[in-house]
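Novice: following is a predicted model, sequence given first.
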Amino acid sequence: MVTVIQPADPTQFFDDMIGACKPIKRVYRRIDRVAQLEVPVLVTGESGTGKELVAQSIHRRSNRSSGPFLAVNTGAISRDLIASELFGHERGAFTGAEDRKKGFFERAAGGTLFLDEITTMDSKTQISLLRVLEAKELRRVGGRELIRTDVRVIAATNQDLQKSIQNGTFREDLYHRLNVFNIKLPPLRKRKDDIPVLVSHFAKVYADKFGKKVLEIDPEAMTLLTTYSWPGNVRELENVIANSMVMVQTGTLMSVHLPSDFRNPSVSRGKMTLEMGLTLEEVERRYITETMKSLNGNKTLAADSLGISRKTLYNKLNKTGES
């Protein structure tokens with residue numbers, strides 16, 4: 001049956017999130033339960049599942065809603081600068097520090113600070129963050145003055161923090177301080193009933209944005225979209241629909257308008273054979289190369305599929321000379 005492209009039913013919205021299946025409704029209930037409580041929240045889930053949307057929803061429903069909401073991707077900040085970015089610095093604290101600077105904690109005063117990809121923080125920054133959370137005060141880099149903080153922290157990661165603790169890359173005491181209340185987001189493959197709604201919603205959004213008179217989605221295209229495994233989750237789905245709406249001109253979104261890996265899934269989901277005797281570094285290099293090929297060189301989707309940040313992927317590609 002042809003799917004008519006139309007906005008999602010208001011009952012299927014929860015702030016900026018869309019869906020009505022049982023797994024996502026559990027997320028909505030946990031947001032409601034914790035929003036007005038002054039406790040840290042840890043949001044976990046695969047890349048592209050909407051962790052920042054959860055943080056925004058908590059902020060919007062909290063007593064801090066009139067204050068700022070600042071989102072920081074710690075994985076995108078150099079380890080040499082992350083302390084300065086989070087806690088600020090005094091003039092002359094290091095080369096290039098020509099003026100005093102307030103960090104994200106000071107700038108988010110009275111509001112919410114969302115720290116994404118927290119497993120990328122080095123041990124020194126983790127210690128500093130733990131002290132700020134415990135004492136609710138900080139020192140800027142190069143400073144002596146203790147500055148009181150008034151910030152609610154919501155942290156997020158797509159990694160298994162228990163494994164990070166076991167291998168020594170993440171502090172257990174910081175984990176317990178951040179994980180006062182946990183919200184785990186389901187991957188899109190566990191939300192199959194929501195896929196048609198999301199597809200129709202994004203198709204309407206991008207048809208309007210691109211000025212396309214596309215009114216329907218062909219049954220074959222919808223079948224391909226609903227049976228795909230979506231390793232990049234909702235973010236990947238949105239990117240695919242945006243790409244498809246560029247290709248279609250008018251009338252109906254057909255399977256031919258979808259990216260090639262949907263029309264020939266064996267190309268993108270094939271097996272990779274490895275001979276014995278390879279080093280782990282070589283195995284990783286080959287796996288990254290094959291993933292990039294399967295996604296037509298799309299680094300954003302490749303990073304999502306591999307469960308790493310784009311910065312980490314770029315670093316690995318630079319090492320192999322394939323960037």
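Specialist: Nice, I can see it.
Novice: quick check: closest non-adjacent residue to residue 98.
Specialist: Excluding the flanking residues, the one nearest residue 98 by Cβ to Cβ, 6 or more residues apart in numbering is residue 91, at 6.6 Å. Quick note: C-beta positions are derived from backbone N, CA and C, even for glycine.
Novice: for the one you found, what are its contacts?
Specialist: By Cβ atoms under 8 Å, 6 or more residues apart in numbering, residue 91 lies in contact with 97, 98, 99, 100, 142.
Novice: one more pass at 7 Å, please.
Specialist: 97, 98, 99, 100 (Cβ atoms under 7 Å, 6 or more residues apart in numbering).
Novice: select from those the one having the most neighbours.
Specialist: Among the contacts of residue 91, the one with the most neighbours (other Cβ atoms under 10 Å) is residue 97, at 16 neighbours.
Novice: pretty sure that residue contacts residue 81?
Specialist: No: applying Cβ atoms under 7 Å, one finds residue 97 not in contact with residue 81, separated by 10.4 Å.
Novice: how about stretch 214-224: buried residues?
Specialist: Across stretch 214-224, burial judged by 16 or more other Cβ atoms under 10 Å covers 214, 215, 216, 217, 218, 221, 222, 224.
Novice: what's it in contact with?
Specialist: With Cβ under 7 Å, 6+ apart, stretch 214-224 has contacts from 1-5, 196, 199, 203, 207, 245, 248, 250-255, 258, 262.
Novice: that older thread, name the element the residue nearest to residue 98 belongs to?
Specialist: Using DSSP states H and E, residue 91 sits in no helix or strand.
Novice: in this protein, what spans have low per-residue confidence?
Specialist: Per-residue confidence of the chain (counting by pLDDT under 70) places the weak regions at 1, 92-93, 261-273, 275, 294-296, 300-301, 304-305, 320-323.
Novice: for residue 122, which non-adjacent residue is spatially closest?
Specialist: residue 79 (5.0 Å).
Novice: ramachandran coordinates for the one you found?
Specialist: Main-chain torsions, residue 79, degrees, to the nearest 10: phi -60, psi -30.
Novice: check the gap between it and residue 126 for me.
Specialist: Residue 79 sits 11 Å away from residue 126, going by Cβ to Cβ, to the nearest Å.
Novice: ok, these two, which is more surrounded?
Specialist: residue 126 (18 against 12).
Novice: pretty sure the more buried one contacts residue 171?
Specialist: Yes: using Cβ under 7 Å, residue 126 is in contact with residue 171, at 4.9 Å.
Novice: one step back: among the contacts of stretch 214-224, name the ones in strands.
Specialist: 3, 4, 250, 251, 252, 253 (DSSP state E).
Novice: the second one: neighbouring residues, count only.
Specialist: Neighbours of residue 4 under the rule other Cβ under 10 Å: 10.
Novice: the third one now?
Specialist: When neighbours are counted by other Cβ under 10 Å, residue 250 registers 9.
Novice: try the fifth one
Specialist: Neighbour count for residue 252, taken as other Cβ under 10 Å: 15.
Novice: ignoring the adjacent residues along the chain, who's closest to it?
Specialist: Excluding its sequence neighbours, the residue lying closest to residue 252 (Cβ to Cβ, 6+ apart) is residue 216, at 4.5 Å.
Novice: assign that neighbour to helix, strand or coil.
Specialist: strand (DSSP: H, G, I helix; E, B strand; the rest coil).
Novice: ok, residue 241 - contacts?
Specialist: Neighbours of residue 241 in contact, by Cβ under 7 Å, 6+ apart: 199, 202, 203, 206.
Novice: most widely separated two among the ones in strands among the contacts of stretch 214-224?
Specialist: Using Cβ to Cβ, those span at most 16.4 Å, a distance reached by 3 and 250.
Novice: the protein: strands as residue ranges?
Specialist: Taking DSSP E, the strands of the chain run over residues 3-4, 13-14, 17-18, 41-44, 69-73, 112-116, 137-138, 147-148, 152-157, 181-184, 213-217, 250-253.
Novice: by contact count, what packs against the last one?
Specialist: Just to be clear, that refers to strand 250-253. strand 213-217 (3 or more Cβ pairs under 7 Å, 6 or more residues apart in numbering; DSSP states H and E).
Novice: try the third one
Specialist: Judged by 3+ Cβ pairs under 7 Å, 6+ apart, the packing partners of strand 17-18 are helix 195-210.
Novice: thanks a lot, catch you later.
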